[in-house]
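A.B. asks: below are the sequence and a predicted model for it; my questions follow.
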Amino acid sequence: MTITQAPGKTTTTQAPAPRPRVNLEPYLYLLPHALLFFVFTVYPVGYGIYIATHRWDLLAETQAFVGSEYFRNLFTPGTPQFEFFWRTLINTAFFTVVTVPLLVASSLGLAVLLHRPIFGRTFFRAVFFMPGILTVSVMGILWRWMFDNQIGLVNAARELMTGAGPIPWLSTEGLAWIPIVVGTVWWTVGFNMTLYLAALSNVSQSLYEAASLDGATSGQQFRYITWPMLGPITLFVTVTTALASFQLFGQSLVITNGGPSRSTQSVTQYITEEAFTNSQYSSAAAMGFVFGLFMLVLTAAQFRIMARDVQAVEQK
Amino acid sequence: MSRKALLASTALLASLTLGMAGAQTYTGPKVTLTYLHGFTGPDRPVMESLVKKFNDANPNIQVRAQAQPWGTTWQQLPSLVASGRAPDVVVINEDQITAFIARGAVSPLTAAEMKAAGIDKSRFFGPLFQTADYKGQSYGLPISSVAYAMFYNKDLMKKVGLDPNKPPRNRAEFLAAAQKCTVDKSGKNSTEAGFDPKNLDTWGVSLYNNWVGARAAYAAILQNGGAMVDKDQNAAFNSPQAVSAVQFLVDLVQKHRVARPNSTEEAELAAFSQGKVCFFPSGQWYLDRFEQQKMNFGVTFMPRIGGTARDAAWGGSSHVTLPKQRAGYDANKRRAALAFMAWLSQPAQNLTWTSTGSLPTQAAVAKNAQFAKAPISGIFDRLDSVYATSGYPWVGQVMGPFDQAWEAAYLGKKTVAQALNDGVREANKQIEQARKNFK
């Protein structure tokens, strides 16, 4: 390309010089999202890195650069962060490992039942979906009351049936997870169930007809038609449920307040405590990054494993 | 009007005039003040009517009040101050205030300023006013307060042979009364042979394991001459005084068996409402609930169960403060803000504010005739012994581990000394880190 114009002189009368053709149009379409992406993702992440690597306080005159100090705390035995970050991360992982299979299985089971033209189908769909519209505080208080050590309905029912004394659900390590897990399943099963119901109605009836002509039992129909056809939705449900379980916060906050002895405290709860109770924003930001990295790796792994299964099914 | 009522209203009038006497009115040019507070519940209309009253009476000061949840304010205040957009007046609670002061978000009220605005700090309950003090300077005026109190069931006390008009005041009286109140389902008292603590019909005292329950231990420690932090502001709630005070509370559960183990706040609240417990130490905010239930109950100050050093109960409070402003901030605005603060903390306004369930912040209001027959006045003789968790910038770092320690001790998972030592160790590790942020 040669420049034919004199520098500084703008002319409109000359014939346009040949230019590299930059088609702006696609970028304009991308712009709104890109803008939001930069403002709400790239900038906050960048600022988060700044916070995590400085002794950050908005009111301080100087915000000393501390490099990886707050990250090192997480890997140095003896610091509160080392002790509690990993303990609460393990708590959260435990919760995820327990709830995800429960939530996937129970929502699939309910969907299969309620997909059939049984009496009162709409009513029962509503019954299972409704708890999901409650806020976490309402749901939490409800299950805290149900499992109360002294006056809970669960202990009362147990005493009525077996005559045994009350079990201190809320203040026994290990047992305190039960109200949280049961409450969470009750609370969120409806949403996954609805996804499965939608997916089930997309499975062609002709497959079942063909199968029954071939003499397949209903168990076999489920095993060889329903389950494989639901592969993609199972992937979606599992990944979203796992991510949601990893972000456990409100349930254990309201039901047990993380106790007893932090045994049900989730990692997000601990990060919040570090930031807003202890005013250690930089430390909390560093934990947020490490936790985020965990989620990213986990999700990627999950996707790879499950997507391979889905593809394998589709290729059959 | 009876003689008594006449006397009372004269006294009220006198106390109101007294409060007014020192107050100077603002005479500068017209200013508009922004006022941020967290009274977002049923207390919001009361605050709004107070602000309107002030605006009507002070045409050259217009206060624009904005209510938003406390937590939002704690998150926003640093950035508002840093960017020079801080409100002219902001209300801060006791557990946050020292941290904001230490970080430089709030500006001190000088003696000259307070004098000019007619603010007399001796009018307020001492420890309550000192909640917003730091390193010898005052930063705010208490306008709202809550406190731990001990509710007692008069009917149950009568039933077990106690004088329902004489709640216990010291450790020995308290233990004796609690033992009488603790009766199993076969009618055996906790001091009798064959008493079955697993099948209680009624019991002496409500203890439980959340943060509210932990405030009973806090009071006991102060009563025994202990403290939460030492002079260097490191956690120190494992002193011999603290261990002995908390041990007494744990003994109530494990040794004397006059309190239920493994209990929750809800369960104890329900039990007290159903007349199963003699003594229910908790926040004074439950008053409303018991009044609505038409229970025959009384309210008294926490007895000295922790020790004999002093009376003490936990309390919370809200203080009006002046955030730090940019250089060149309008001096008239600061004078006007001080006038507003002074007005808001006067006895008349504080009396109005008690309708929200808040306790009086000053003796003149506590003496008001309208409280004469109110059950809550049972704690008014010792309101000057209410202590907030304040005075050090790391309240979260101290109270979090303390609450955990109380839980472990109450549930019997650790010995008292072990639980408190572990708590102090954790707190001090966190304080060491926090210190780096407060030069």
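C.D. replies: That came in fine, so what should we check first?
A.B. asks: which residues touch the most centrally placed residue in chain B?
C.D. replies: For chain B, B:Gly315 is the residue whose C-alpha lies nearest the centre (C-alpha atoms, centre = their mean; 1.7 Å). Contact analysis of B:Gly315 by C-beta atoms under 8 Å, 6 or more residues apart in numbering or on different chains lists B:94, B:128, B:145-148, B:359, B:386-388. Where you see a C-beta, it was placed from the backbone N, CA and C, and this is true even at glycine.
A.B. asks: in helices, which of those appear?
C.D. replies: B:94, B:128 (DSSP state H).
A.B. asks: flag every residue of the stretch 101-250 of chain A that's near chain B.
C.D. replies: Contact residues, the stretch 101-250 of chain A versus chain B (C-beta under 8 Å from any C-beta of the partner chain): A:144-145, A:148-151, A:165, A:168, A:170-171.
A.B. asks: what pLDDT does B:Thr17 get?
C.D. replies: If you check B:Thr17, the pLDDT there is 45.
A.B. asks: now swap in A:Ile133 and tell me
C.D. replies: According to the prediction, A:Ile133 has pLDDT 92.
A.B. asks: at which residues are the strands of the stretch 201-350 of chain B located?
C.D. replies: Using DSSP state E, counting those that start in this stretch, the strands of the stretch 201-350 of chain B run over B:277-283, B:297-300, B:313-321.
A.B. asks: parallel or antiparallel, which strands does the last one pair with?
C.D. replies: Using DSSP bridges, the neighbouring strands of strand B:313-321 in the sheet come out as strand B:89-93 (antiparallel), strand B:140-153 (antiparallel), strand B:386-387 (parallel).
A.B. asks: would you turn those strands into TSV with mean pLDDT and mean neighbour count?
C.D. replies: Listed next are those as TSV, based on pLDDT from 0 to 100; neighbours: other C-beta atoms under 10 Å in any protein chain shown:
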stretch	mean pLDDT	mean neighbour count
strand B:89-93	97	24
strand B:140-153	96	25
strand B:386-387	96	26
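A.B. asks: and of those strands, who's closest to A:Gly46?
C.D. replies: Closest to A:Gly46 of those is strand B:89-93 (C-beta to C-beta; 30.4 Å).
A.B. asks: give me the contact list for that closest one.
C.D. replies: The contact list for strand B:89-93 (C-beta under 8 Å, 6+ apart) reads B:33-39, B:63, B:70, B:73, B:77, B:100, B:106, B:132, B:140, B:143, B:316-323, B:337, B:340-341.
A.B. asks: how far is the helix or strand B:Asn428 falls within from where the chain is centred?
C.D. replies: When elements are assigned from DSSP states H and E, B:Asn428 belongs to helix B:416-435. The chain centroid and the centroid of helix B:416-435 are separated by 24 Å under C-alpha atoms, centre = their mean, to the nearest Å.
A.B. asks: ok, now stretch B:428-439?
C.D. replies: So, by C-alpha atoms, centre = their mean, the centroid of stretch B:428-439 is 26 Å from its chain's centroid.
A.B. asks: what's the average pLDDT for that stretch?
C.D. replies: For stretch B:428-439, the mean per-residue pLDDT is 86.
A.B. asks: any idea how far stretch B:269-284 is from the middle of the chain?
C.D. replies: 19 Å.
A.B. asks: give me the buried positions along that stretch.
C.D. replies: Neighbour counts using 16 or more other C-beta atoms under 10 Å in any protein chain shown place B:269-273, B:276-284 of stretch B:269-284 among the buried residues.
A.B. asks: could you list the buried residues of stretch A:64-71?
C.D. replies: Residues A:66, A:69-71 are the ones in stretch A:64-71 that count as buried (16+ other C-beta under 10 Å).
A.B. asks: I should have written stretch A:249-258 there, sorry.
C.D. replies: In stretch A:249-258, counting by 16+ other C-beta under 10 Å, buried: A:250-258.
A.B. asks: and which of those residues is nearest chain B?
C.D. replies: Lowest distance from chain B to the buried residues of stretch A:249-258 (C-beta to the nearest C-beta) belongs to A:Asn257, with 6.5 Å.
A.B. asks: can you confirm that closest one is in a strand?
C.D. replies: No. Checked against DSSP: H, G, I helix; E, B strand; the rest coil, A:Asn257 lies outside a strand; its state is coil.
A.B. asks: name the nearest residue to it, ignoring sequence neighbours.
C.D. replies: Spatially, and ignoring its direct neighbours in sequence, A:Asn257 is nearest to B:Asn210 (6.5 Å; C-beta to C-beta, 6 or more residues apart in numbering or on different chains).
A.B. asks: of the buried residues of stretch A:64-71, closest to B:Val299?
C.D. replies: Closest to B:Val299 out of the buried residues of stretch A:64-71 is A:Tyr70 (47.1 Å), distances taken as C-beta to C-beta.
A.B. asks: show me the contacts for that closest one.
C.D. replies: Applying C-beta under 8 Å, 6+ apart, the residues near A:Tyr70 are A:52-53, A:81, A:282-283, A:285-286.
A.B. asks: now those residues as CSV including secondary structure and pLDDT?
C.D. replies: Compiled in CSV, these are given as follows (DSSP: H, G, I helix; E, B strand; the rest coil; pLDDT from 0 to 100):
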residue, secondary structure, pLDDT
A:Ala52, helix, 94
A:Thr53, coil, 94
A:Gln81, helix, 93
A:Ser282, helix, 93
A:Ser283, helix, 94
A:Ala285, helix, 95
A:Ala286, helix, 96
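A.B. asks: picking up where we left off before, which of the strands of the stretch 201-350 of chain B sits closest to A:Ala34?
C.D. replies: Nearest of these to A:Ala34, taken as C-beta to C-beta: strand B:313-321 at 43.2 Å.
A.B. asks: where does the stretch 151-300 of chain B come near chain A, residue by residue?
C.D. replies: Proximity of the stretch 151-300 of chain B to chain A, by C-beta under 8 Å from any C-beta, involves residues B:198, B:209-210, B:260-264, B:266-267, B:270-271.
A.B. asks: hmm, try it at 7 Å
C.D. replies: Within the stretch 151-300 of chain B, the positions lying close to chain A (C-beta under 7 Å from any C-beta of the partner chain) are B:198, B:209-210, B:260, B:262-264, B:266-267, B:270.
A.B. asks: just the buried members of these?
C.D. replies: B:209-210, B:260, B:262-264, B:266-267, B:270.
A.B. asks: reformat those as TSV; add pLDDT.
C.D. replies: Converted to TSV, those look like this (pLDDT from 0 to 100):
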residue	pLDDT
B:Asn209	90
B:Asn210	90
B:Arg260	94
B:Asn262	92
B:Ser263	94
B:Thr264	93
B:Glu266	92
B:Ala267	94
B:Ala270	94
